[in-house]
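# Pasting the sequence and the predicted model now:
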Amino acid sequence: MKNTKFKTLYPQSFPQKLPLKSIALFVLLFIIGAITPFPKIAKQPQVPLVFDTTEHYARFVPTLASFALPLIKRDPIGLIQIIHVSIATTIATHSFKWGLNNVVIFSRRLGERPNGSSKNMPSGHSSMIACALAFLVRRYSWVWLIFLPLAFLTMGARIYYNAHTIGALIAGFSVGVLCVLFLTSPYQNQKKDF
């Protein structure tokens with residue numbers, strides 16, 4: 001019986017209509033992040049405590065909330081959607097990292113990190129926190145924008161750690177939000193048992 005329930009819930013987990021204007025906006029934001037030659041920021045001698053704490057601990061809070069909230073609300077479709085979004089964001093981010101690594105735009109290799117290593121574009125940290133944040137906002141409520149400062153702190157930490165360019169952070173944020181826009185629908189408050 002559980003198997004049949006999953007078979008009926010799974011098709012319902014895909015959005016009935018897509019927010020095309022929002023998708024266009026974040027595609028444009030991705031392109032801006034990818035092609036704009038933002039200045040490189042020099043490695044900082046010391047990372048502020050707020051960025052260090054965010055990098056190692058606080059950035060996981062939206063991700064935990066995005067998995068906990070569907071369980072708390074007993075929302076199986078939301079749980080299926082966050083799993084889809086997380087997998088899609090990971091695949092999209094790493095596909096772009098490998099695909100754009102050797103692309104040169106305006107005499108700048110997109111894959112070059114400020115510290116000289118590879119696979120800069122887009123930022124995985126930025127895309128994952130964006131997917132968690134955007135999922136909470138799109139699925140449940142605008143109130144979850146309270147985590148937006150954590151997204152900015154995560155991006156700031158990546159700059160302080162000399163790990164990403166500003167463009168890679170913008171592109172990563174866009175990838176996370178785009179995956180949510182394609183795979184998440186707003187929550188309909190209907191009583192459903194797991």
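Nice, thanks for sending it over.

# and the longest helix belonging to the chain, what does it pack onto?
In the chain, assigned by DSSP state H, the helix with the most residues is helix 76-100. With contacts defined as 3 or more Cβ pairs under 8 Å, 6 or more residues apart in numbering; DSSP states H and E, the packing partners of helix 76-100 are helix 2-12, helix 61-72, helix 124-139, helix 166-183. In short, each C-beta sits where N, CA and C put it, glycine included.

# Could I get the buried residue list for the second one?
Looking back up the chat, that one is helix 61-72. Buried residues in helix 61-72, counted by 16 or more other Cβ atoms under 10 Å: Pro62, Thr63, Ala65, Ser66, Leu69, Pro70.

# Let me know the closest of those residues to Asn115.
In terms of Cβ to Cβ, no member of the buried residues of helix 61-72 lies closer to Asn115 than Thr63, at 25.1 Å.

# Do I have it right that that closest one meets Ala130?
No: assessed by Cβ atoms under 8 Å, Thr63 is found out of contact with Ala130, at 10.7 Å.

# Pull the contacting residues for the nearest residue to Ser174 once chain neighbours are set aside.
Leaving out its chain neighbours, the residue that sits closest to Ser174 by Cβ to Cβ, 6 or more residues apart in numbering is Phe30, at 3.8 Å. Counting by Cβ atoms under 8 Å, 6 or more residues apart in numbering, Phe30 touches Pro122, Ile170, Ala171, Ser174, Val175, Leu178.

# Having no further points to raise, I will conclude here.
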